[in-house]
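In: coords please:
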Amino acid sequence: MLELIGLQEDLVERTAAAVIDRRDGKDLSGTAVVFPSKRFGFFLRQELAARVGGNFFPPTMFPIESLFETLYRLNYPGGRILDELEAVHVLHESAGAVFRGGMYGNRTLSGFAAFLPWGRKVLAALEEILGDGGRTEGIDFKKYREFAALGD
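Out: Below you'll find the model as predicted:
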């Protein structure tokens, strides 16, 4: 079940109340809580301890980043998530492989340090597109190459 908490409500108190309502004695582990920051988890544990009145089995708690990392690891065992610098490096190497002449339109694909700011912009745009429900499947790469040849 998904519980939405309004902006005018105390997030810690409402979350604790929702978890307590679904508990089995002092075992709260049947619930998963996803929250915006790691600090929230600390305050939620305090509130749950006060409401339960002592020791308890806590719910599974994920800051939003940890939830996605856990889901990734479940779906891609042995894989790892790249940090931003590694992701830009992969993009740099990929661009070098796709544009073998070292040119993207009228832009020279020079060293990694020069590519870094541009690569970060590309990754940010891709994250925004995917976050808004965009898809990368079905891209017509012939058209993309024609577009890329036009330059910046």
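In: Can you dump the C-alpha atoms of stretch 87-94 in PDB for me?
Out: What follows is stretch 87-94 as a C-alpha-only set of coordinates in PDB (Å, rounded to 0.1, in the frame of the first residue of the first chain):
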ATOM      1  CA  ALA A  87      29.600   7.800 -16.300                       C
ATOM      2  CA  VAL A  88      31.000  10.800 -18.200                       C
ATOM      3  CA  HIS A  89      34.200   8.800 -18.900                       C
ATOM      4  CA  VAL A  90      32.000   6.000 -20.500                       C
ATOM      5  CA  LEU A  91      30.200   8.600 -22.500                       C
ATOM      6  CA  HIS A  92      33.600  10.100 -23.600                       C
ATOM      7  CA  GLU A  93      34.900   6.700 -24.700                       C
ATOM      8  CA  SER A  94      31.600   5.900 -26.400                       C
END
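In: Low-confidence stretches in the chain?
Out: 1, 102-107, 151-152 (pLDDT under 70).
In: Quick check: most distant residue from the centroid of it.
Out: When each C-alpha in the chain is compared with the mean C-alpha position (C-alpha atoms, centre = their mean), G53 comes out farthest, at 34.7 Å.
In: For stretch 13-33, what is the distance to the chain centroid?
Out: Its chain's C-alpha centre and that of stretch 13-33 lie 25 Å apart, by C-alpha atoms, centre = their mean, to the nearest Å.
In: Contacts only, for I20.
Out: Counting by C-beta atoms under 8 Å, 6 or more residues apart in numbering, I20 touches 28, 48, 51-52. C-beta coordinates here come from the backbone N, C-alpha and C atoms, glycine included.
In: Would you mind giving both backbone torsions of the residue farthest from the centre of the chain?
Out: phi 90, psi 40 (degrees, to the nearest 10).
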